[in-house]
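Peer 1: quick one: sequence and predicted model below, then my questions.
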Amino acid sequence: MHKPLASIDKSSSECEELARSGKVWEDYFRPADCRPYAALQEEYKDLLGQIEEFKVLMKADVPLLAKTLVAEYAHQSVFIENNPLRLGETRRVFDVLTEKIFKHTPMASICADDLVQLTLPHVGPGVDSSHLNELKSHILA
């Protein structure tokens with residue numbers, strides 16, 4: 001409970017009025033007052049400096065990190081649309097696309113007609129080609 005409300009009878013009209021005003025947070029915590037944040041920045045200057053150094057190191061790995069997340073993101077994207085492919089199957093499709101396309105050709109130079117014709121692996125019994133094509137589209141996007 002916010003401090004201004006803590007000292008008021010919860011069943012009172014004053015409490016109701018204060019709660020409805022929307023001012024409890026603003027008046028008590030004063031989010032526009034930068035002084036507490038400036039003090040924290042000064043207190044944690046060393047830690048914040050280390051974080052900045054880490055961010056610089058991470059920039060080089062972001063493209064690699066993004067590539068590793070593509071299959072998982074594409075899987076989640078088609079899964080919420082009731083695509084029955086499992087994550088292992090999704091990774092196999094991504095690996096095929098990586099070997100056949102991503103390692104050899106810049107994405108901007110690939111013709112959409114070529115992508116449509118790309119044959120994907122058979123990943124298991126009962127897997128419909130429309131599910132694979134939907135996944136391929138999500139990976140390429």
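Peer 2: In hand now; what should we look at? Numbers count the residues shown, from 1 in each chain.

Peer 1: so which strand or helix has the spatially most central residue of the chain?
Peer 2: Geometric centre of the chain, nearest residue: Tyr73, 8.7 Å, by CA atoms, centre = their mean. Secondary structure from DSSP states H and E places Tyr73 in helix 45-79.

Peer 1: how about Asp9, what does it touch?
Peer 2: Going by CB atoms under 8 Å, 6 or more residues apart in numbering, Asp9 touches Cys15. No exception for glycine: its C-beta is placed from N, CA and C like everyone else's.

Peer 1: give me the pLDDT for it.
Peer 2: pLDDT, Asp9: 83.

Peer 1: for Lys136, see how far away it is.
Peer 2: To Lys136, Asp9 is 63 Å away according to CB to CB, to the nearest Å.

Peer 1: one more: Lys59?
Peer 2: Taken as CB to CB, the span from Lys59 to Lys136 is 30 Å.

Peer 1: more crowded one of those two?
Peer 2: Under the criterion of other CB atoms under 10 Å, the comparison of Lys59 against Lys136 puts Lys136 first, with 21 against 9.
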